[in-house]
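Enquirer: mind folding the following:
(chains A and B)
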Amino acid sequence: DSGVTQTPKHLITATGQRVTLRCSPRSGDLSVYWYQQSLDQGLQFLIQYYNGEERAKGNILERFSAQQFPDLHSELNLSSLELGDSALYFCASSVEQGAFYGYTFGSGTRLTVV
Amino acid sequence: AQSVTQLDSQVPVFEEAPVELRCNYSSSVSVYLFWYVQYPNQGLQLLLKYLSGSTLVESINGFEAEFNKSQTSFHLRKPSVHISDTAEYFCAVSDWGSQGNLIFGKGTKLSVKP
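Expert: Next comes the predicted model:
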């Protein structure tokens, strides 16, 4: 157990639907990062939050949004889902901003869009 | 923009043989470099990292990587692999001193055969 908790582990939904993925960071970590892992694109950075504030955006679609709450857990919202959104979504956390401090990854949420 | 190239998508090797997984990065600034390992159905785990100092870094399970600034490379090596090393290995880079974010290569699947 890495200390980063992601729920649900698996999610199957239909095209056009909306889902919410949840991440609880490791205790004491202030930064949360979201990544998408797919066979063709590999691991793509989506978005980063630090202590409730958005700090960096990567290849995140406009249909996707995220937030980090006062208790530091984060949610990634995916809407108008398409078949191509099927992927593993990882959350990672670190004590401060930046890779220097080390990322701890959760075990991921596998999203299947049918 | 930064990028990471892992030259081999798959590397099959026999048990107790040596292995090298290649990684090259592109960045115009100083960087931090990382290798992560992903076992089947799990999240990513940090294997080793280069932040500064000695260009040769080692992990607790016998892997090592050498930072070569002139070649912009950070190849991962192990002199004798075990069946249990079968996994996918990801090289990642982050700008030195920046507040983000890890940029990953597409991964190399290491398959160790008896």
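Enquirer: in the sheet, who's paired with the spatially most central residue of chain B?
Expert: In chain B, the centroid-proximal residue (CA atoms, centre = their mean) is residue B:35; its distance is 3.5 Å. Beta bridges link residue B:35 to residue B:48, residue B:91, judged by DSSP bridges.
Enquirer: quick check: residues of chain A near chain B?
Expert: Counting by CB under 8 Å from any CB of the partner chain, chain A comes close to chain B at A:2, A:4, A:33, A:35, A:42-43, A:45, A:48, A:50, A:55-56, A:58, A:90, A:92, A:97-100, A:102-103, A:105-108. C-betas here are computed from N, CA, C, even on glycine.
Enquirer: go again with 7 Å.
Expert: A:2, A:33, A:42-43, A:45, A:48, A:55-56, A:58, A:90, A:97-100, A:102-103, A:105-108 (CB under 7 Å from any CB of the partner chain).
Enquirer: and chain B, which residues reach chain A?
Expert: Going by CB under 7 Å from any CB, the residues of chain B near chain A are B:32, B:34, B:42-44, B:46, B:51, B:90, B:94, B:98-104, B:106-107.
Enquirer: could you redo the last one with a cut-off of 10 Å?
Expert: B:4, B:6, B:31-34, B:36, B:38, B:41-46, B:49, B:51-52, B:90, B:92-107 (CB under 10 Å from any CB of the partner chain).
Enquirer: among those, which are in strands?
Expert: Residues from the residues of chain B next to chain A lying in strands, with DSSP state E as the criterion: B:4, B:31-34, B:36, B:38, B:44-46, B:49, B:90, B:92-95, B:103-104.
Enquirer: low-confidence ranges, chain B, go.
Expert: Applying pLDDT under 70 to chain B flags residues B:1, B:96-100.
Enquirer: residue contacts, residue 14?
Expert: With no chain named, the answer covers chain A. A:81, A:113-114 (CB atoms under 10 Å, 6 or more residues apart in numbering or on different chains).
Enquirer: chain B is the one I meant
Expert: Per CB under 10 Å, 6+ apart, neighbours of residue B:14: B:81, B:112-114.
Enquirer: who's it bridged to?
Expert: residue B:113.
Enquirer: separation between it and chain A?
Expert: 27 Å (CB to the nearest CB, to the nearest Å).
Enquirer: related to what we said a few turns ago, buried subset of the ones in strands among the residues of chain B next to chain A?
Expert: B:4, B:31-34, B:36, B:38, B:44, B:49, B:90, B:92-95, B:103-104 (16 or more other CB atoms under 10 Å in any protein chain shown).
Enquirer: which members of those residues are the farthest-apart pair?
Expert: B:38 and B:95 (23.3 Å; CB to CB).
Enquirer: for residue 111, grab the count of nearby residues.
Expert: You didn't pick a chain, so chain A it is. When neighbours are counted by other CB atoms under 10 Å in any protein chain shown, residue A:111 registers 21.
Enquirer: ah, I was thinking of chain B
Expert: Counted with other CB under 10 Å, residue B:111 comes out at 14.
Enquirer: over to residue B:20?
Expert: 13.
Enquirer: what sits against the closest residue to it other than its chain neighbours?
Expert: Nearest non-adjacent residue to residue B:20, counting by CB to CB, 6 or more residues apart in numbering or on different chains: residue B:77, 4.9 Å away. Residue B:77 is in contact with B:18-22, B:56, B:62-66, counting by CB under 10 Å, 6+ apart.
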